[in-house]
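Trainee: Just a sequence and a predicted model for now, questions to come.
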Amino acid sequence: MITGANGQLGSEFRKIAPGLDDYRLTFTDVGELNIVDSDAVTEFMQGSSFDVIINCAGYTAVDQAESDRDKAMQVNALAVRNLAHAASRQNAMLVHISTDYVFDGHSYRPYRETDREKPLSWYGITKLEGERQVLMHAGKALIIRTSWLYSPFGKNFLRTILEKGRQQEELRVVCDQTGTPTCAADLAGAILHILPQYQVQEKRIYNYSSEGICSWYDFAKEIVDMAGLSCRVVPVPTAEWPTPASRPFYSVLDKGKIKRDFGMEIPYWKESLKKCLEEINNNNPSASTRLQTHSKHRGIHP
């Protein structure tokens, strides 16, 4: 079962589902199942039997979470507890997607799974609480922390840059926050690569992101250059672009554990970005030519 099926990662699973001969996938989003409602989850699970539940649902509006605290906690933690209980009752494996925002970004090296969590934002706090709910209530579970997720679907940094880059002469993007963009298609493929090998009746945490390191400015510049857009990308410090939620300045994830345990090769972020942009252009060939000029000095923040 895939929850959050209309989001970035869920949409990637939906896209590749027809070619998955070894799996029968059931897709749910809030219209089919409100995972915040424990009774609804119990009732839904009683009519089905799943070997794996992949929780792609999440409250991901980082700044809005600072004021919408109850809803963020409900979706990112309480709903996770409901799924963990349901998975345990069916002896199903729970795959839960978490985030680099569980760290404070003060590290001098890529974060390992065993490093101390210290989130800076309410979003990060709720995601960390979701991890704890999995560890407390699920039987067999896999928590995957990822970073800077993007795809052709939904609202994300890539789509924002493409949209604003076609409309504006200049984009101002923070340059002093460092991490790694991760293509949702790669993450979906990684999960499917892991599942046949994950037979242990236990709970583990793994990091997964693309290879390489960049700033949000570097990411935006590469998007603009690869897409052939004419707008100028200007680097600005975080201090010039204040937001309600604090972001980690350094959130690079160490992928050594997941590569060792599952024999996994992880693509470089620029290679994955190129493939994603090619997919977007193939699905909408006129998008790259719709260049317009409007205001010059609007900023962009993830």
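Mentor: Looks like it arrived, so ask away.

Trainee: mind checking pLDDT for residue 286?
Mentor: pLDDT, residue 286: 49.

Trainee: do the same with residue 134
Mentor: 96.

Trainee: same question, residue 49
Mentor: Residue 49 is given a pLDDT of 86.

Trainee: I'd say it and residue 90 touch.
Mentor: Yes: applying Cβ atoms under 8 Å as the test, residue 49 and residue 90 come out as touching, 6.4 Å apart. (C-beta placed from N, C-alpha, C; glycine too.)

Trainee: List the residues that contact residue 151.
Mentor: 8-9, 11-12, 158, 183-185, 276 (Cβ atoms under 8 Å, 6 or more residues apart in numbering).

Trainee: In helices, which of these appear?
Mentor: Under the assignment DSSP state H, these contribute 8-9, 11-12, 158, 184-185, 276 to helices.

Trainee: any chance you could map the strands in the protein?
Mentor: 2-3, 52-55, 93-99, 140-146, 149-150, 170-174, 178-179, 182-183, 203-207, 214-215, 232-236, 298-300 (DSSP state E).

Trainee: What's the separation between residue 247 and residue 216?
Mentor: 9 Å (Cβ to Cβ, to the nearest Å).

Trainee: Of these two, which one has the most company?
Mentor: residue 216 (26 against 22; other Cβ atoms under 10 Å).

Trainee: which ones are touching residue 274?
Mentor: residue 226.

Trainee: Please renumber the chain so that the first residue is 3 from this point on.
Mentor: From this message on, residue numbering opens at 3, which makes the last subject residue 276.

Trainee: now the ones in helices among the contacts of residue 153 as CSV including neighbour count?
Mentor: What follows is the ones in helices among the contacts of residue 153, written out as CSV (neighbours: other Cβ atoms under 10 Å):
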residue, neighbour count
10, 26
11, 28
13, 21
14, 23
160, 23
186, 27
187, 23
278, 21
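
Trainee: export those residues to TSV and tack on pLDDT and distance to residue 117?
Mentor: Formatted as TSV, the ones in helices among the contacts of residue 153 follow (pLDDT from 0 to 100; distance: Cβ to Cβ, whole Å):
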residue	pLDDT	distance to residue 117
10	94	26
11	96	24
13	95	31
14	95	28
160	96	28
186	97	24
187	96	27
278	96	29
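
Trainee: Tell me the one among those residues nearest to residue 62.
Mentor: Distance to residue 62 across the ones in helices among the contacts of residue 153 (Cβ to Cβ) is lowest for residue 10, with 8.8 Å.

Trainee: ok, the closest one - contacts?
Mentor: Contacts of residue 10 by Cβ under 8 Å, 6+ apart are 58, 151-153, 155-156, 158, 186.

Trainee: Next: residue 145.
Mentor: Here residue 145 is in contact with 98, 100, 133, 136-137, 205-208 (Cβ under 8 Å, 6+ apart).

Trainee: Most neighbours among those, which one is it?
Mentor: Result: residue 98 is most packed of the contacts of residue 145 (other Cβ under 10 Å), 29 neighbours.

Trainee: got the contact list for that one?
Mentor: Residue 98 sits in contact with 57, 82, 85, 132-133, 136, 143-146, where contact means Cβ under 8 Å, 6+ apart.

Trainee: cutoff 10 Å now
Mentor: For residue 98, the contact set (Cβ atoms under 10 Å, 6 or more residues apart in numbering) comprises 5, 55-60, 82, 85-86, 89, 129, 132-133, 135-137, 140, 143-147, 205, 207.

Trainee: What of residue 218?
Mentor: Applying Cβ under 10 Å, 6+ apart, the residues contacting residue 218 are 150, 159, 163, 175-181, 183, 237-238, 240, 243, 249, 302-304.

Trainee: Whichever of those residues end up buried, select them in ChimeraX.
Mentor: Entered in ChimeraX, the line below selects the buried ones among the contacts of residue 218, by 16 or more other Cβ atoms under 10 Å:
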select :150,159,163,175,176,177,179,180,181,183,238,240,249,302,303,304
